[in-house]
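K.L.:
Please find the sequence and the predicted model below.
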Amino acid sequence: MSFKLLISFVAFCCIQHVVYAQKDTVVFKGYPVVAHTDTLFHIKNKLGSLSAPERAQRTSSKVEALSEDLLFVPDSLITVDDSTLVGIVYKGDILLSLSKADADSVKMDKEVMAKAYQEIIINNINNYRKETNVSELLKRAGLGLLIIVVLGVCIFFLNKYSNRFNSWLSFKLHERIGHLKIKDYELIDRRRELILISKFLNLIKIFVILLLIYLTLPVIFRLFPWTKPWSDSLISFVLNPLKNIFSALIDFVPKLITIAVIVGVFHYVKKAIKFLAYEVETERLKVSGFYPDWAKPTFNIVKILLNAFMIVMIWPYIPGSDLAIFKGVSVFLGILISFGSSSAISNGVAGMVITYMRPFRIGDVVKIGDTTGAVLEKSLLVTRVRTIKNEIITIPNSAILNGNTVNYTSMSVNEGLIIHSTLTLGYDIPWTKIHELLINAALATEGVIKDRAPFVLQTSLDDWYVSYQLNAYISNPGIMAVIYSEMHKNIHEAFDKAGVEIMSPHYQAIRDGNASTVQVKN
């Protein structure tokens, strides 16, 4: 596995960990009493028939209602102790009653606790009233307007000078920039490359403008008490994901190290096997019963198995790998592959079987079904053959495995390939003369092996004629069709010179005038 692939895989695992590995480790503090988006304090215990959440909600509502009272007097908010409970009361209305259990939960005296909560409530109401004062609101509105004006000026000058910079950069790069090519293919010419650079700069400009607006909005929203929650939400949209990503990365480091070790071990194991396969393929290392052309396909099969085993080993360390959704996707993909690639799988299995059967090699001249030609490529799924007409024919490996394959090359180098042609002649011509003419025609043919004498077989004795089969040895099956053509031409010329007519006895018996078809040279 390459280093880039390893980095991509690690990035994928980190993203998965961000989604599925975040754990809630916050200690429960109680139910918050919230007024004007500020958390004042927490309540853990119930009191009488009121549960802790109900007490917190009831106190929050009373504090907010009290802050809207224009006649609110802070000195009228007092604490009342009746020995069992301490109440925070405003003009006879009880905002909150605190018991000994409430005080024990925070390890404080209940009177001290009540005084502290009283001060918190008074401060919250005073701050709210100060923030909602008309003069204060006007000041903050003016400040917000000023911030908007500054933002508009920044955007104006950023847009203006970014366009100038874009024009200046295009002018400078016009002569210096080159064509982007991949080998001999021109992927992007100079003009399009300049357009891409310009669009990229515009995207950066748009991103900066949006970033300025996004950073400015929380500042403006925070000026007014009613829009403070919006400010907090905008900030949390950015800070919370960053926080989660950082904590997830820290938690993922041990698993990441384990994955890196596993990937590294398998990487070097595959390199070692690849080295051995290369040594066997180049015949520098010989293994009894193992052919050199088996080395590369065997390495590919072993590599697939090792990669599958490596994925099985590192899968438990991938965040979210034990979730039901991953199992469902795996089952779905398995079913999809089973139903959608049955023919591909059968061809792949046939390709592996053919590799180890060795019916032919690259460059061999073969006959597969009705197709005759030289083998150009053997892949896992198909075999490609080039015919004498320069046609490239692709044959599925399953068809090869289920049919017959004739290899013309395997025996031609050492033993020689026998080509043969049959002709029929009447009984009136001596067979010795026919044998002599056929053998001489074969020996005169270019490509026929002269060291191994051609021979003639009389394959049948029919009613009207005898079938003579001429057999000759050749060593180059690639030009077999050319050798056949020249041998037939030599047979024709040899029989014409000897005055022997190559004509069906049937036709000789019925033709008019019994004129010979032998060409007489003047």
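P.N.:
Nice, I can see it.

K.L.:
Quick check: which helices or strands does the helix ranked longest in the chain pack against?
P.N.:
Counting residues, the longest helix in the chain under DSSP state H turns out to be helix 228-281. For helix 228-281, the contact count by 3 or more Cβ pairs under 8 Å, 6 or more residues apart in numbering; DSSP states H and E identifies helix 3-20, helix 190-221, helix 295-314 as packing neighbours. Heads up, the C-betas are built off the backbone N, CA and C, glycines and all.

K.L.:
in the last one, what's buried?
P.N.:
Of the residues in helix 295-314, those buried under the neighbour-count criterion (16 or more other Cβ atoms under 10 Å) are Ala295, Pro297, Thr298, Phe299, Lys303, Leu306, Met310, Ile314.

K.L.:
what's the offset of it from the middle of its chain?
P.N.:
Its chain's C-alpha centre and that of helix 295-314 lie 18 Å apart, by Cα atoms, centre = their mean, to the nearest Å.

K.L.:
Stretch 218-227 too?
P.N.:
The chain centre lies 46 Å from the centre of stretch 218-227; the measure is Cα atoms, centre = their mean.

K.L.:
picking up where we left off before, select, out of the helices and strands packed on helix 228-281, the one closest to Asp232.
P.N.:
Closest approach to Asp232 among the helices and strands packed on helix 228-281 is made by helix 190-221 (7.9 Å; Cβ to Cβ).

K.L.:
Flag every buried residue along that closest one.
P.N.:
Arg190, Glu193, Leu194, Leu201, Lys205, Ile209, Thr216, Leu217, Pro218, Ile220, Phe221.

K.L.:
pLDDT value on the residue nearest to the fifth one when sequence neighbours are not counted, please?
P.N.:
Counting by Cβ to Cβ, 6 or more residues apart in numbering, Lys205 lies nearest to Ser162, which is 4.5 Å off, once chain neighbours are set aside. Confidence at Ser162, expressed as pLDDT, is 83.

K.L.:
go on, Thr25?
P.N.:
In the prediction, the pLDDT value recorded for Thr25 is 45.

K.L.:
just to revisit the earlier point, could I get the helices and strands packed on helix 228-281 in JSON lines, plus columns for mean pLDDT and distance to Arg384?
P.N.:
JSON lines is the format used below for those (pLDDT from 0 to 100; distance: least, Cβ to Cβ, whole Å):
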{"stretch": "helix 3-20", "mean pLDDT": "47", "distance to Arg384": "30"}
{"stretch": "helix 190-221", "mean pLDDT": "83", "distance to Arg384": "37"}
{"stretch": "helix 295-314", "mean pLDDT": "88", "distance to Arg384": "16"}
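
K.L.:
Nearest to Pro359, out of those helices?
P.N.:
Comparing these by their distance to Pro359 (Cβ to Cβ), the top pick is helix 295-314, with 14.1 Å.

K.L.:
name the helices or strands packed onto the closest one?
P.N.:
Taking 3+ Cβ pairs under 8 Å, 6+ apart as the contact definition, the neighbouring helices and strands of helix 295-314 are helix 228-281, helix 342-357.

K.L.:
Just the CA coordinates for that helix, please, in PDB.
P.N.:
Output of helix 295-314 as PDB, limited to C-alpha atoms (Å, rounded to 0.1, in the frame of the first residue of the first chain):
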ATOM      1  CA  ALA A 295       4.900 -16.000 -10.800                       C
ATOM      2  CA  LYS A 296       3.000 -12.800 -11.600                       C
ATOM      3  CA  PRO A 297      -0.600 -14.100 -11.400                       C
ATOM      4  CA  THR A 298       0.200 -15.900  -8.200                       C
ATOM      5  CA  PHE A 299       1.600 -12.700  -6.700                       C
ATOM      6  CA  ASN A 300      -1.600 -10.900  -7.700                       C
ATOM      7  CA  ILE A 301      -3.800 -13.500  -6.000                       C
ATOM      8  CA  VAL A 302      -1.600 -13.500  -2.900                       C
ATOM      9  CA  LYS A 303      -1.700  -9.700  -2.800                       C
ATOM     10  CA  ILE A 304      -5.500  -9.600  -3.000                       C
ATOM     11  CA  LEU A 305      -5.700 -12.200  -0.100                       C
ATOM     12  CA  LEU A 306      -3.200 -10.200   2.000                       C
ATOM     13  CA  ASN A 307      -5.100  -7.000   1.400                       C
ATOM     14  CA  ALA A 308      -8.400  -8.700   2.400                       C
ATOM     15  CA  PHE A 309      -6.800 -10.100   5.500                       C
ATOM     16  CA  MET A 310      -5.300  -6.700   6.400                       C
ATOM     17  CA  ILE A 311      -8.700  -5.000   6.200                       C
ATOM     18  CA  VAL A 312     -10.200  -7.700   8.400                       C
ATOM     19  CA  MET A 313      -7.500  -7.000  11.000                       C
ATOM     20  CA  ILE A 314      -7.800  -3.200  11.000                       C
END
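
K.L.:
relative to helix 342-357, how tilted is it?
P.N.:
Between helix 295-314 and helix 342-357, the angle comes out at 130 degrees (axes from the mean of the first three to the mean of the last three Cα atoms, to 10 degrees).

K.L.:
Between helix 228-281 and helix 295-314, find me the angle.
P.N.:
150 degrees.

K.L.:
centre of the chain versus the longest helix of the chain, how much separation?
P.N.:
Taking Cα atoms, centre = their mean, the mean C-alpha location of helix 228-281 is offset from the chain mean by 17 Å.

K.L.:
Equivalent analysis for stretch 67-81, please.
P.N.:
Mean C-alpha position of stretch 67-81 versus that of the full chain (Cα atoms, centre = their mean) differs by 67 Å.

K.L.:
can you give me the end-to-end distance of that stretch?
P.N.:
Across stretch 67-81, the straight-line distance between its terminal residues is 24 Å, by Cα to Cα, to the nearest Å.

K.L.:
likewise stretch 47-57?
P.N.:
End-to-end span of stretch 47-57 (Cα to Cα): 13 Å.

K.L.:
got a list of contacts for it?
P.N.:
Applying Cβ atoms under 8 Å, 6 or more residues apart in numbering, the external contacts of stretch 47-57 come out as 30-33, 42-46, 58, 85, 96-97, 99, 102.

K.L.:
Closest one of those residues to Lys389?
P.N.:
Taking Cβ to Cβ as the measure, Lys389 sits nearest to Pro32 out of the contacts of stretch 47-57, at 85.9 Å.

K.L.:
hey, what's the closest one bridged with?
P.N.:
Legend: beta-bridge partners of Pro32 under DSSP bridges are His42.

K.L.:
For the stretch 351-500 of the chain, just list every one of the strands.
P.N.:
With DSSP state E, counting those that start in this stretch as the criterion, the stretch 351-500 of the chain has strands at 365-368, 371-378, 382-386, 392-396, 405-407, 417-425, 455-461, 466-474.

K.L.:
quick one, which of those strands is nearest to Glu111?
P.N.:
Comparing the strands of the stretch 351-500 of the chain by their distance to Glu111 (Cβ to Cβ), the top pick is strand 382-386, with 90.1 Å.

K.L.:
low-confidence ranges in the chain?
P.N.:
Judged against pLDDT under 70, the low-scoring parts of the chain cover residues 1-28, 70, 133-134, 136, 173-190, 225, 320-321, 326, 336-342, 504-522.

K.L.:
Using the record's assignment, carve it into domains.
P.N.:
Described in terms of automatic domain parsing, the domain architecture of the chain consists of the residue ranges 31-131, 148-223, 359-407, 417-510.

K.L.:
wait, which of those is closest to Arg140?
P.N.:
Put simply, out of those the one that sits nearest Arg140 is domain 148-223, at 4.1 Å, with distance taken as Cβ to Cβ.

K.L.:
Give me the neighbour count for the residue nearest to Lys205.
P.N.:
Using other Cβ atoms under 10 Å, Ser162 has 17 other residues around it.

K.L.:
part of a strand, is it?
P.N.:
No: assessed by DSSP: H, G, I helix; E, B strand; the rest coil, Ser162 does not belong to a strand; its assignment is helix.

K.L.:
If I follow the layout properly, it ends up in contact with Leu201?
P.N.:
Yes: Ser162 lies in contact with Leu201 (Cβ atoms under 8 Å); the separation is 6.9 Å.
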